[in-house]
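A.B. asks: take this sequence and fold it.
(one chain, ligands or ions: 1)
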Amino acid sequence: MDLPSSIRSAVERLLENQPLSALMRASERLTRRYRGEVRDGHLHIDSELAALAYLAARLPATYAAARAAMEMVHNVHPDFQPKSLIDLGSGPGTALFAAADCWPSLNTATMIEASDAIRRIGEGLSSALSLESNWQKGDVLRQLAPLPAADLVTLAYVLDELPLDAVEKTALKLWQLTREALILIEPGTPAGWQRIVAARQVLLEAGAHIIAPCPHHAACPIIPPDWCHFSRRVQRSRLHRQVKQGEVPYEDEKYIFIAMSRQPVPAAPPPRILAPVKLSSGLARLKLCRLDGTAGETTITRRDGSLFKAARRADWGDGLNLSPEDKA
Ligand SMILES: C[S@@+](CC[C@H](N)C(=O)[O-])C[C@H]1O[C@@H](n2cnc3c(N)ncnc32)[C@H](O)[C@@H]1O
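C.D. replies: The predicted structure follows:
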């Protein structure tokens, strides 16, 4: 799930004359601050150079994660066809690019971002899309300018920059802006998963229904030090490799998300595969989150016929129908 070509070309044009050494230094600084979850009252993307480094080093991966999360939402709830979006902590417009690709029904977007540097870039990039986007300076922690609710509200890779106690309050604030569905995406780290679990809980208490990835509304059955997350492989461009000083032509972006809906999802979602499928001769071992609220390994053998074939083809993050009943 690569960036749409119009956005990729626009990003390449922005980066083509930038000195590589400066981009590399800015990217290292961003990585240090993101990995360390530094909360010192300063935005990580605080200059034009930091914003350009984000485009080079992070945008392809956060796009892939957002697009994959939206694909799971679409697979569970194909009738959901949002027309309007509010995206907060928009960065360069990542969630908008992914939502526009997933849902061609989208025709307006309100983008709220605290950093002037990345907001300017995002506003420019989103002119490549055939929809109307309105970019505003705003801080999700403060009172936002009054906004009409949107069909879809997104917050991608932002909770990890907010104060530790802001997760529940922010999730509820965004829920107030949500007409149909809310998607929160975080890095696929243990801490990112904990934030998603906290948001999931408070949103369920507010009456929300889960669309994806969980196939049930019970408490998350995963027990630390394990954590729930997914992975998406991203091909690295030459510049991406240079900026990140990586030899390998790809990287695996780990992410976690929760998608909540105002209305119950019409069809029951299938059990979700929570890890790479382990295959050996005649056997497929799958770590599944099941409809009854449990999670664990399920073994499917060649004797299971078409189910075995489906399990062999299935991937981490897919839903797998074990019908007629959830296989133990
Ligand atoms: C890691 S970037 C994610 C950008 C984009 N959503 C993505 O997925 O690529 C986090 C963004 O949130 C913005 N941000 C951080 N704190 C914010 C706040 N309190 N209000 C609004 N935006 C904020 C940052 O400036 C940055 O652009």
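
A.B. asks: please name the bridge partners of the closest residue to the ligand within the stretch 201-328 of the chain.
C.D. replies: Of all residues in the stretch 201-328 of the chain, residue 255 sits closest to the ligand, with a separation of 9.6 Å (C-beta to the nearest ligand atom). (Glycine included, C-beta is placed from N, CA and C.) Taking DSSP bridges as the rule, residue 255 bridges to residue 187, residue 230.

A.B. asks: need the contact list for it.
C.D. replies: 65, 68-69, 185-188, 192, 229-232 (C-beta atoms under 8 Å, 6 or more residues apart in numbering).

A.B. asks: how about a cut-off of 10 Å?
C.D. replies: Residue 255 makes contact with 61-62, 64-66, 68-69, 156-157, 185-189, 192-193, 196, 229-232, 317 under the criterion C-beta atoms under 10 Å, 6 or more residues apart in numbering.

A.B. asks: then residue 187?
C.D. replies: Applying C-beta under 10 Å, 6+ apart, the residues near residue 187 are 34-35, 37, 61-62, 65, 157, 159-160, 193, 195, 229, 253-256.

A.B. asks: top of those by number of neighbours, please.
C.D. replies: Ranked by neighbour count under the definition other C-beta atoms under 10 Å, the contacts of residue 187 are headed by residue 65 with 28 neighbours.

A.B. asks: helix/strand/coil for that one?
C.D. replies: For residue 65, the reduced secondary structure class is helix; criterion used: DSSP: H, G, I helix; E, B strand; the rest coil.

A.B. asks: disregarding flanking residues, what is the spatial nearest neighbour of it?
C.D. replies: residue 255 (3.6 Å; C-beta to C-beta, 6 or more residues apart in numbering).

A.B. asks: now residue 139
C.D. replies: Ranked by C-beta to C-beta, 6+ apart and with sequence neighbours excluded, the top spatial neighbour of residue 139 is residue 114, at 5.0 Å.

A.B. asks: so how far is residue 41 from that neighbour?
C.D. replies: Applying C-beta to C-beta, to the nearest Å, one obtains 12 Å for the distance of residue 114 from residue 41.

A.B. asks: please apply the same query to residue 199.
C.D. replies: 23 Å.

A.B. asks: those two - which one has more neighbours?
C.D. replies: In terms of neighbours (other C-beta under 10 Å), residue 199 is the more surrounded of residue 199 and residue 41; the figures are 26 against 6.

A.B. asks: re the thing from before, what's the pLDDT at the residue nearest to residue 65?
C.D. replies: Here the pLDDT value assigned to residue 255 is 98.

A.B. asks: buried residues of whichever helix or strand residue 286 is part of, list them for me.
C.D. replies: Assigned by DSSP states H and E, residue 286 belongs to strand 283-289. Residues of strand 283-289 classed as buried by neighbour count (16 or more other C-beta atoms under 10 Å): 284-289.

A.B. asks: next SSE after that strand?
C.D. replies: Reading on from strand 283-289 to the C-terminus, the next helix or strand found by DSSP H and E is strand 295-301.

A.B. asks: low-confidence ranges, the protein, go.
C.D. replies: Of all residues in the chain, those with pLDDT under 70 make up the ranges 324-328.

A.B. asks: show me the domain layout of it.
C.D. replies: Here the chain is described, according to automatic domain parsing, as comprising the domains 5-261, 272-313.

A.B. asks: now residue 303: how far from residue 313?
C.D. replies: 17 Å.

A.B. asks: same question, residue 211
C.D. replies: Applying C-beta to C-beta, one obtains 24 Å for the distance of residue 211 from residue 313.

A.B. asks: what of residue 197?
C.D. replies: With the distance defined as C-beta to C-beta, residue 197 ends up 30 Å from residue 313.

A.B. asks: which one's more surrounded, these two?
C.D. replies: Taking neighbours as other C-beta under 10 Å, residue 197 and residue 313 compare with residue 197 leading, 18 against 11.

A.B. asks: and the more buried one, which helix or strand is it part of?
C.D. replies: helix 190-205.

A.B. asks: do residue 168 as well
C.D. replies: Residue 168 belongs to helix 167-176 when elements are defined using DSSP H and E.

A.B. asks: relative to residue 248, how far out is residue 100?
C.D. replies: Using C-beta to C-beta, one obtains 30 Å as the distance from residue 100 to residue 248.

A.B. asks: quick one: which of the two has more around it?
C.D. replies: Set residue 100 next to residue 248 and count neighbours by other C-beta under 10 Å: residue 100 wins out with 23 against 9.

A.B. asks: residue contacts, that one?
C.D. replies: By C-beta under 10 Å, 6+ apart, residue 100 lies in contact with 4, 7, 85, 93, 106-107, 109, 126, 128-131, 133.

A.B. asks: also residue 322?
C.D. replies: Applying C-beta under 10 Å, 6+ apart to residue 322 gives the contacts 270-271, 286, 288, 290-291, 298, 300, 304, 307, 310-311, 328.

A.B. asks: my guess is it is in a strand, correct?
C.D. replies: No: going by three-state DSSP, the assignment for residue 322 is coil, not a strand.
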